[in-house]
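[1] Need a 3D model of the sequence below.
(2 chains)
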Amino acid sequence: AQKVTQAQTEISVVEKEDVTLDCVYETRDTTYYLFWYKQPPSGELVFLIRRNSFDEQNEISGRYSWNFQKSTSSFNFTITASQVVDSAVYFCALRASNPGYALNFGKGTSLLVTP
Amino acid sequence: EPEVTQTPSHQVTQMGQEVILRCVPISNHLYFYWYRQILGQKVEFLVSFYNNEISEKSEIFDDQFSVERPDGSNFTLKIRSTKLEDSAMYFCASNQGDTQYFGPGTRLTVL
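    Okay, the predicted model is just below:
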């Protein structure tokens, strides 16, 4: 069985602070994929990143960075110098290797960035 | 950039009525999905569809639900007799490779 835990329900930061969103997963699969999606107040789900289980290299994209550690089954997401536009719910998700399998989402972390 | 589209954006219906939610996946994608999100909760998988048949479904996807790909572009979710607890945002998604792209969602309100 697969499980994704996002222990932080809500986080509130002041603009320009750095913030890390935690994601811990459980799976028995040796090959799997991890994802982060952003859900802004408008409600859509926006894909941010995909990482497969064989690629533990950390990734940086502008102010966003992701830290994947298989040893601790974690895939954490850091926003550097947060902005008001980063306010959203962020979901971590896990999927088995086959591209046709369902995404298993965590409960999400609601991030509020205030000016 | 191609995107998944969904109609309507908001549907209000009376309990017991049938509703059909429509989706147009990205044109060269092969896998199609429906997910739902009850207000304030996580996104839950309903069903996946590949090669004109259901490939996987969750416990939520009971006999009240059905999916169809009536032509080469549309992908529909039908709820036969809606219940109050069906009120949620319904997302369609599609992929060809490893990333599922989501539509903007249909907010279903059952009164």
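[2] For the rest of this, base every contact and every neighbour count on C-alpha atoms.
    Fine.
[3] can you give me the end-to-end distance of stretch A:24-31?
    From its first residue to its last, stretch A:24-31 covers 16 Å (CA to CA, to the nearest Å).
[4] wait, what's in contact with residue B:59?
    For residue B:59, the set of contacting residues under the criterion of CA atoms under 8 Å, 6 or more residues apart in numbering or on different chains consists of residue B:46.
[5] those strands in the chain, which residues are they?
    You didn't say which chain, so I picked chain A. A:3-5, A:10-14, A:19-21, A:24-26, A:32-39, A:46-52, A:59-61, A:64-69, A:74-79, A:88-96, A:104-105, A:109-114 (DSSP state E).
[6] that's the other chain; I wanted chain B
    Under the criterion DSSP E, chain B contains strands at B:5-7, B:10-13, B:19-24, B:31-37, B:44-50, B:53-57, B:65-68, B:75-79, B:88-95, B:101-102, B:106-110.
[7] what about stretch B:44-64, start to end distance?
    Between the opening and closing residues of stretch B:44-64 we find a distance of 17 Å, counting by CA to CA.
[8] That one: how far from the chain's middle?
    Relative to its chain's centre, stretch B:44-64 lies at 10 Å (CA atoms, centre = their mean, to the nearest Å).
[9] before we move on, back to that, reformat the strands of chain A as TSV; add mean pLDDT and mean neighbour count.
    Output for these, formatted as TSV (pLDDT from 0 to 100; neighbours: other CA atoms under 10 Å in any protein chain shown):
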stretch	mean pLDDT	mean neighbour count
strand A:3-5	97	18
strand A:10-14	97	14
strand A:19-21	98	19
strand A:24-26	97	18
strand A:32-39	96	21
strand A:46-52	93	17
strand A:59-61	89	12
strand A:64-69	95	19
strand A:74-79	97	20
strand A:88-96	96	24
strand A:104-105	96	24
strand A:109-114	98	20
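[10] Redo those as JSON lines? Include distance to residue B:9.
    Converted to JSON lines, these look like this (distance: least, CA to CA, whole Å):
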{"stretch": "strand A:3-5", "distance to residue B:9": "29"}
{"stretch": "strand A:10-14", "distance to residue B:9": "27"}
{"stretch": "strand A:19-21", "distance to residue B:9": "30"}
{"stretch": "strand A:24-26", "distance to residue B:9": "32"}
{"stretch": "strand A:32-39", "distance to residue B:9": "16"}
{"stretch": "strand A:46-52", "distance to residue B:9": "17"}
{"stretch": "strand A:59-61", "distance to residue B:9": "31"}
{"stretch": "strand A:64-69", "distance to residue B:9": "30"}
{"stretch": "strand A:74-79", "distance to residue B:9": "30"}
{"stretch": "strand A:88-96", "distance to residue B:9": "20"}
{"stretch": "strand A:104-105", "distance to residue B:9": "23"}
{"stretch": "strand A:109-114", "distance to residue B:9": "23"}
